[in-house]
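need coordinates for the following:
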Amino acid sequence: MSENKFSKRREPFAFMLYLAIFGSALLFLAVFLIFLKKELINQNIPLVIPKVFWASSLVIILSSLTIFLAKKELIEQQFVAFKRYLGFTYLFGLLFLVLQITGWMELSNKGFTMANHTGASFLFILSGLHILHAFGGIVALSITVAKVFRNKSYVDSFVYSVNPPNQLNFKLIYIYWHFLDALWLLIFLFLLYHAT
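Numbers count the residues shown, from 1 in each chain. Here you go, the predicted model:
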C-alpha cells in the first residue's frame with residue numbers, strides 16, 4: 001500500500017523553516033508592491049544603487065556555490081573538503097554583510113537618507129530586511145561551523161555526518177542559505193530595473 005503524500009509525516013523543523021520562508025517572501029512582496037504603487041502615483045522614484053552591491057551579489061552567489069560543494073563533499077565523506085567549503089561559505093556570508101553595510105555608508109556619504117530620498121528609503125528597507133535574514137543565517141552557520149571544526153579526526157567527522165540531528169541541521173541551513181541567495185538576487189534585479 002503506497003503512502004499518501006498529503007498524510008505523510010513531515011519533519012516539523014523543515015516545515016517551520018518553509019513557513020518562515022513563505023512569511024519572509026510575503027513580507028518582501030509587500031515592500032515591492034508598496035514601491036510599485038508609490039511609483040505609479042509619483043511616476044518616478046529614482047533609485048541609486050551603491051557600486052559595492054555588485055560585489056556583494058557576486059559574493060552571495062559564491063557562497064551558494066560553496067555550500068553546494070560542502071554538501072557534495074559531506075555526502076562523499078570528504079570531510080577535509082567539506083570543512084574547507086563550509087568555511088568559505090561562512091567567510092563569504094560575513095563578507096556579504098560587510099559589503100552591504102559599506103553600501104549603506106556609501107549612500108549616506110552621498111547624502112541619500114531615508115528622510116530625504118524615497119528611492120534610498122526603499123533600498124535601505126529591502127537591503128536592511130535582507131541583512132537581518134542573512135544575520136540569522138550567519139548565526140546558525142556559526143554554530144554549525146564551530147561544531148564541524150571541533151571534529152579533528154576522520155572518525156569524529158564521520159560520527160558527526162551520520163548523526164540525524166546534525167544532518168537535519170545542515171539540511172535546514174542549506175535550504176535557508178539558498179533562499180537568502182535567491183532572495184538577494186531578486187531584490188538586486190528589482191533595484192537595478194528601477195535604478196536611474
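
could you find the closest non-adjacent residue to Ile125?
Closest residue in space to Ile125, ignoring its immediate chain neighbours: Val31 at 5.9 Å, by CB to CB, 6 or more residues apart in numbering. Every C-beta, even on glycine, is put in place using the N, C-alpha and C of the backbone.

which SSE is that neighbour in?
Using DSSP states H and E, Val31 sits within helix 12-42.

pLDDT weak spots in the chain?
Residue ranges of the chain with pLDDT under 70: 1-10, 40, 42-45, 117, 196.

ok, back up a step: helices or strands next to the helix holding Val31 in the packing?
Applying 3 or more CB pairs under 8 Å, 6 or more residues apart in numbering; DSSP states H and E, we find helix 12-42 packed against helix 118-150, helix 164-194.

got TSV for these, with distance to Gly111 too?
What follows is these, written out as TSV (distance: least, CB to CB, whole Å):
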stretch	distance to Gly111
helix 118-150	9
helix 164-194	19
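
kindly reformat those helices as a markdown table containing distance to Lys110 and mean neighbour count.
Output for the helices and strands packed on helix 12-42, formatted as a markdown table (distance: least, CB to CB, whole Å; neighbours: other CB atoms under 10 Å):
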| stretch | distance to Lys110 | mean neighbour count |
| --- | --- | --- |
| helix 118-150 | 9 | 17 |
| helix 164-194 | 16 | 17 |
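
to Ala20, which of these lies closest?
helix 164-194 (8.4 Å; CB to CB).

and that closest one with helix 12-42, angle?
Orientation check (axes from the mean of the first three to the mean of the last three CA atoms, to 10 degrees): helix 164-194 against helix 12-42 gives 10 degrees.
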